[in-house]
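*Asks:* output the structure for:
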Amino acid sequence: MEFSESKEKFISEWGKLCMNWGVKRAMGQIHGALLISERSLCADEVMGILKMSRGNVNMNIRELIDWGLVHKVLITGERKEFFEAEKDFWKVFKLIVMRRKLKELDPMIQLLEQSSCVEAKCPESDEFCKVIKELSHFSSKAEKVLDIFVKNESKLLSSSLMKMMR
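*Replies:* Residues are numbered from 1 along each chain as shown. Just a heads-up that it's a prediction; the model follows:
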């Protein structure tokens with residue numbers, strides 16, 4: 001496979017992959033293009049690479065910046081804004097985990113807290129209360145594990161995870 005073909009395939013597939021993380025495909029493609037670039041890119045260059053509109057590129061770059069996955073880069077003598085992707089993959093992973101937790105786990109915990117007020121008065125409500133209690137317990141443990149992972153700045157945890165993945 002030629003380099004340019006491989007590059008296009010990577011960017012396209014990265015966009016699809018990112019959708020599994022709760023990221024829009026266009027946002028993932030922009031991240032992919034910035035991720036594999038050897039230098040910082042301006043929005044015009046990203047538009048050219050991805051054949052996207054200026055509005056789409058600008059909106060998604062701003063969101064990537066909000067996520068912490070992309071950073072602005074100042075280039076002396078340039079008036080345009082340039083951008084680069086975060087290339088510390090543990091940091092990228094942690095940022096995505098934090099966003100997923102905020103978007104998925106936190107609302108579930110809130111729902112479970114609201115639902116735990118029900119009293120068990122019949123077999124149906126008894127089963128409901130049992131499931132809510134078990135889900136709450138599991139969610140609480142998951143939240144603690146994710147918090148420990150995200151707050152851990154040492155490489156000990158990440159190196160342990162890498163060993164488990166091998």
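
*Asks:* CA only for contacts and neighbour counts going forward, please
*Replies:* OK.

*Asks:* tell me the predicted confidence for Ala85.
*Replies:* Looking at Ala85, its pLDDT stands at 96.

*Asks:* test my guess that it contacts Leu35.
*Replies:* Yes. Counting by Cα atoms under 8 Å, Ala85 touches Leu35, with 5.0 Å between them.

*Asks:* between those two, which one's more packed in?
*Replies:* With other Cα atoms under 10 Å as the criterion, Ala85 and Leu35 differ in neighbour count, and Ala85 comes out ahead with 25 against 18.

*Asks:* dump the residue contacts of the closest residue in space to the more buried one that isn't next to it in sequence.
*Replies:* Spatial nearest neighbour of Ala85, excluding adjacent residues (Cα to Cα, 6 or more residues apart in numbering): Val70 at 4.3 Å. Residues counted as contacts of Val70 (Cα atoms under 8 Å, 6 or more residues apart in numbering) are His31, Ile61, Leu64, Phe83, Glu84, Ala85, Glu86.

*Asks:* hey, which helix is longest across the protein?
*Replies:* helix 123-151 (DSSP state H).

*Asks:* look up which helix or strand the residue nearest in space to the middle of the chain falls in, please.
*Replies:* Nearest to the mean C-alpha position of the chain, by Cα atoms, centre = their mean, lies Ile96 at 2.7 Å. Using DSSP states H and E, Ile96 sits within helix 89-100.
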